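1. I would like to see how this sequence folds:
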Amino acid sequence: MEGGRASEPRPTEEPAIRPPRPPRPHPHSSRPYRRTPRARAFLSALTACAALAVGATGVPAAAGTASGGPPSGPSGGATRTVAYRGHTFTVPAGWEVVDLAAHPSACVRFDRHAVYLGDPGGDQDCPARVAGSTEALWVRPATAAKAAVTENRTAHLFHATAAAEGIAVTAPYRDDRATVERVLDSAGLPVSAARSETADPAVSVPALPADATAHRGKGFDTCTAPGQSAMDAWKAGSPYGAVGIYIGGVNRGCAQANLTAGWVRTQYAKGWRLLPLYVGPQPAADAGSCTAGCAAITDPAAQGKAAADDAVAQAGALGLGKGSVLYNDLEQYTPGAALTARVLGYLEAWTGRLHELGYRSGAYGSVSSLVADLVGNATRTTLPDVIHFARWNDEAVTTDAALPAALWTDGQRVHQYAGDRTETYGGSKINVDRNQLDVGTGA
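-> Model prediction:
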């Protein structure tokens, strides 16, 4: 028996819907790349959307060129205008435009150049994992008293609001910050006066109990926090008791329409426990799931500390307080003298800073890369408190030949034992990675 159930429910499983990228196997799986008929239909819809900019009413907006507005392409190239709720943005002509009212299941993902208009539906059709972020724009309805812009320099992310017909804007960037600045400026948003994004002292989020990130049993993670109806259906029908949430990082690839302090508290109250994942700089630009490229580790100590500071800020805003485990997601890489030194230096700075701030350090990585490096240097580096190791062998256990019996033994392990699986419970379908957790409170 598991979780009080006489037998484990059998999910309805389908082939995964993959992003429109050239075939490339996941580093933890030998399964071949394949694109389903549903995926092909969805991509056709996106292509159609990209041909025009659609306003909130579904009426096509005027398409601009370089002569019709300030150049916003990376080299001052052709542009188009996109109108939404009375606000007009000038964006590079090559960016896709996705009307979420017409395509509510579209996944709002930031690893491709795109403009997303509106709120996504409750059940986005997202992959389990998207690593990497680039220049993009998500504009949705919101109540705002004035135009304002904030920037998270660690996560390479602008947030903006505008009054009148209120909107909220999320605008990530990888290398081309100037293009995103021009896009925001074209809509009259005061990007030149952008404030550094910090926690609002007027907004106090009560911390959840210490067991919020503790769990023994099965869990799943997916690119974007599911809607409440899906969470309720999976709580009632699935074998899972923990959910992985992507709380931030420069390489977080999916938008988080549902991920709020209220959502986190509701899941906790309903019996879910949390696996908070932070996707910071990666070992290399092409590491693991970085099919479109990732920001890489170049200054290990400084970036590790900055990532920890940002992760704590994001976790605290969600109600995950001191004592929580925060996991740094480090995708698969090929160990080597220089690369190993960068990864270990980064992770040591991450762990040290989290400890200073009262949090526990977790790290996610493959047994062939991160785990091998940590085990091989266990006496020369500061190990994370919890290891989240990836080996897709379909064995829901937390033991592995790569993990010495003396390391991470006291409720300090998570095994990602399968990935890229589409499962359905109670009519709600989600593409997930599967995990087996043995994580205590650290008391």
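
2. spatially nearest residue to residue 307 (excluding sequence neighbours)?
-> residue 280 (3.9 Å; CB to CB, 6 or more residues apart in numbering). Heads up, the C-betas are built off the backbone N, CA and C, glycines and all.

3. that neighbour against residue 305, yeah?
-> No: counting by CB atoms under 8 Å, residue 280 stays clear of residue 305, with 10.9 Å between them.

4. now the phi/psi pair for the residue nearest to residue 307, please.
-> The phi/psi pair for residue 280 (degrees, to the nearest 10) reads phi -90, psi -160.

5. OK, contacts around it?
-> Contact analysis of residue 280 by CB atoms under 8 Å, 6 or more residues apart in numbering lists 249, 250, 251, 303, 304, 307, 310, 311, 328, 329, 346, 350.

6. go on, residue 133?
-> Going by CB under 8 Å, 6+ apart, residue 133 touches 110, 111, 156, 172, 173, 174, 250, 251, 252, 253, 295.

7. how about a cut-off of 6 Å?
-> Residue 133 is in contact with 110, 172, 174, 251, 253, counting by CB atoms under 6 Å, 6 or more residues apart in numbering.

8. quick check: the last one touching residue 130?
-> In this case it means residue 253. Yes: if you go by CB atoms under 6 Å, residue 253 and residue 130 touch, sitting 3.0 Å apart.

9. okay, and the common contacts of those two?
-> Residues within reach of residue 253 and of residue 130 at once, by CB under 6 Å, 6+ apart, are 109, 111.

10. who has more neighbours out of those two?
-> residue 253 (29 against 25; other CB atoms under 10 Å).

11. I'd like to know how far the more buried one sits from residue 363.
-> Remark: distance between residue 253 and residue 363 (CB to CB, to the nearest Å) = 19 Å.

12. leaving out chain neighbours, which residue sits closest to residue 106?
-> residue 98 (5.3 Å).

13. helix or strand: which one has the one you found?
-> Taking DSSP states H and E as the definition, residue 98 sits inside strand 96-99.

14. what's that strand packed up against?
-> helix 37-50, strand 114-117 (3 or more CB pairs under 6 Å, 6 or more residues apart in numbering; DSSP states H and E).

15. go again using 8 Å as the cut-off
-> Applying 3 or more CB pairs under 8 Å, 6 or more residues apart in numbering; DSSP states H and E, one finds that strand 96-99 contacts helix 37-50, strand 53-54, strand 114-117.

16. hey, least reliable of these by pLDDT?
-> Lowest mean pLDDT of these: strand 53-54, a mean of 38.

17. can you give me the distance of the spatially most central residue of the chain to residue 110?
-> Taking CA atoms, centre = their mean, the centroid of the chain lies closest to residue 252, which sits 3.7 Å from it. Using CB to CB, residue 252 is found at 8 Å from residue 110.

18. next, format the contacts of residue 133 as TSV and append distance to residue 271.
-> Formatted as TSV, the contacts of residue 133 follow (distance: CB to CB, whole Å):
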residue	distance to residue 271
110	31
172	33
174	38
251	31
253	28
